[in-house]
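Q: sequence-free structure coming up:
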């Protein structure tokens, strides 16, 4: 039981720290500290882009393949 809750917490932390995908029209050039919303809905301050992220947000990875993003812009 404790191991399951620890695994769930670890998975949530991994997604929080994962590289997210963003709409390039909604966020054309975010600056460090700007509040951005990822395709998966996660909203947080932007702290730069990662060339080779360790973890990729699975929600963003699935949504990034869409022809039209949730915001209405084309992908």
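A: Structure's in. What do you need? Note that the structure is a prediction, hence the values are computed from the model and not measured. Numbers count the residues shown, from 1 in each chain.

Q: okay, now the unreliable bits of the protein?
A: Counting by pLDDT under 70, the ranges of the chain that qualify are 1-18, 52-53.

Q: got the contact list for the residue nearest the centre of it?
A: Nearest to the geometric centre of the chain sits residue 20, at 2.3 Å (Cα atoms, centre = their mean). Shown in contact with residue 20 (Cβ atoms under 8 Å, 6 or more residues apart in numbering): 38-40, 42, 57, 60. Just so you know, the C-beta spots here come from the backbone N, C-alpha and C atoms, and that holds for glycine as well.

Q: same thing with residue 43?
A: Per Cβ under 8 Å, 6+ apart, neighbours of residue 43: 35-37.

Q: partner residues bridging it?
A: residue 37 (DSSP bridges).

Q: now restrict the contacts of residue 20 to buried residues only.
A: 38-40, 42, 57, 60 (16 or more other Cβ atoms under 10 Å).

Q: mind listing the helices for this structure?
A: Counting by DSSP state H, the segments of the chain that form helices are 2-17, 58-63.

Q: could I get the buried residue list for the shortest one?
A: Applying a neighbour-count criterion of 16+ other Cβ under 10 Å, the buried positions in helix 58-63 are 59-60, 63.

Q: with distance to residue 73 added, can I get those in CSV?
A: Converted to CSV, the buried residues of helix 58-63 look like this (distance: Cβ to Cβ, whole Å):
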residue, distance to residue 73
59, 17
60, 15
63, 12
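
Q: nearest to residue 49, out of those residues: which one, please.
A: residue 60 (13.2 Å; Cβ to Cβ).
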